[in-house]
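A.B. asks: Got a sequence here, can you model it:
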Amino acid sequence: MIRAREDSFRLAEVFTISRGSRTEAKVVTVEVARDGVVGRGECVPYARYGETIASVLAQIDGLDPGIERHALQAALPAGAARNAVDCALWDLWAKQTGRPVWELAGLPAPHAVTSAFTLSIAEPGAMRASAAKHAARPLLKTKLGGGPDDLARIRAVRAGAPDARIIVDANEGWSAEQYEALAPQLVALGVELVEQPFPAGEDDALLHLDRLLPVCADESCHDRGSLDALKGKYDMVNIKLDKTGGLTEALSLYDAARTAGFQVMVGCMVGSSLAMAPAVLVAQGAEIVDLDGPLLLAEDRDPPLDFIGAEVQPPRPELWG
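C.D. replies: Residues are numbered from 1 along each chain as shown. Model prediction:
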């Protein structure tokens, strides 16, 4: 039996990117129950990819209740619906066998990884205050929007957190001219990376730019089928389970990206600890980890992922895997 439902989790603060603001994380929770054992997974439908809670629930409702993980890869496309079911099937297998997912997947035992903390976009003064509040965190990810205040925002974040590493996420909001103007100034401020500066499908300009500021593919990278089109444009790829369609493809994408010469970032949508837990396994060895979803919430799963400072610990089996 496969059960799916909508859940929501209040955010600790309003979270804003260039596409809009939110005060809660709306997710789909999936439970796969077989022979008295239940496996769980979570996904975050994302409007940018044409997904809604209703569309994801409909996709899951159309599945064979007895579907196995390998058949699932063909039954649903890469995306949120497949992610939740895939992760639930991994969790089910772990609980049926009494063995952790990392062992079942042939991975080494996971360790804690340091996660970025995301600062949502705001006017520079507010971003400086937010950066100061989180200045002790080793890595801050700053949302930008392509407007005239982007440089001022980063100057404010650097002033508020003078010792933190900084990466930025443009969310497809820049032009080639903006990249060329901003890149040297951001590098001078210690910014290490920009995620997805140009719209997906309009990023050929990266072939002709001197990437002084390294560039990570987010909206342009979904699964292994994305990689060929990214060569020569991007230095890093952001692996998110809601894009890959689950842990199964995420692990394969990680290996393929490494083989193709890309560095790896492991990221997330704004979801609960249940959504982040499988991604912790993918994040082992990644250059950048951005699994701060639970830190943005006012309420979470019980038990949640454990954070010790900026380090996210491997999930407890009571949560997942």
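
A.B. asks: Which residue, neighbours along the chain excluded, lies closest to Pro294?
C.D. replies: Ser273 (4.7 Å; C-beta to C-beta, 6 or more residues apart in numbering). All C-beta spots, glycine's among them, are computed from the backbone N, C-alpha and C.

A.B. asks: Repeat that for Ser55.
C.D. replies: Leaving aside its chain neighbours, Ser55 sits nearest to Pro45 (6.9 Å; criterion: C-beta to C-beta, 6+ apart).

A.B. asks: for the residue nearest in space to the middle of the chain, what are its contacts?
C.D. replies: Centroid check for the chain by C-alpha atoms, centre = their mean gives Cys268 as the closest residue, at 1.8 Å. Contact partners of Cys268, counting by C-beta atoms under 8 Å, 6 or more residues apart in numbering, are 240-242, 275-276, 279, 290-293.

A.B. asks: Which of the residues you listed sits closest to Arg165?
C.D. replies: Asp290 (12.1 Å; C-beta to C-beta).

A.B. asks: For that closest one, give me the pLDDT.
C.D. replies: On pLDDT, Asp290 comes in at 97.

A.B. asks: Now do it: how many residues are near it, please.
C.D. replies: 24 (other C-beta atoms under 10 Å).

A.B. asks: Touching, it and Ala116? I think so.
C.D. replies: Yes - counting by C-beta atoms under 8 Å, Ala116 is a contact partner of Asp290 at 4.4 Å.

A.B. asks: what's the closest non-adjacent residue to the residue located most distally from the centre of the chain?
C.D. replies: In the chain, counting by C-alpha atoms, centre = their mean, Asp35 sits farthest out from the average C-alpha position, at 32.6 Å. Nearest non-adjacent residue to Asp35, counting by C-beta to C-beta, 6+ apart: Gln96, 7.7 Å away.

A.B. asks: Thr97 too?
C.D. replies: Per C-beta to C-beta, 6+ apart, closest to Thr97 is Leu104, 7.0 Å.

A.B. asks: same check, this time on Gln185
C.D. replies: Leu151 (5.9 Å).

A.B. asks: OK, contacts around the one you found?
C.D. replies: Per C-beta under 8 Å, 6+ apart, neighbours of Leu151: 182, 185-186.

A.B. asks: ok, now Ser220?
C.D. replies: 196, 200-201, 203, 226, 229-230, 233-234.

A.B. asks: same thing with Glu123?
C.D. replies: Glu123 sits next to Asp149 when contact means C-beta under 8 Å, 6+ apart.

A.B. asks: And it, how far from Pro162?
C.D. replies: Counting by C-beta to C-beta, to the nearest Å, the gap from Glu123 to Pro162 is 20 Å.

A.B. asks: Over to Pro45?
C.D. replies: Pro45 is 38 Å from Pro162, by C-beta to C-beta.

A.B. asks: more neighbours, these two?
C.D. replies: Neighbours per residue (other C-beta under 10 Å) separate Pro45 from Pro162, with Pro45 holding more: 25 against 11.

A.B. asks: Can you name the helix or strand that that one falls in?
C.D. replies: Assigned by DSSP states H and E, Pro45 belongs to no helix or strand.

A.B. asks: Tell me the pLDDT of it.
C.D. replies: At Pro45, pLDDT is 97.

A.B. asks: and what of Arg19?
C.D. replies: Listed pLDDT for Arg19 reads 64.
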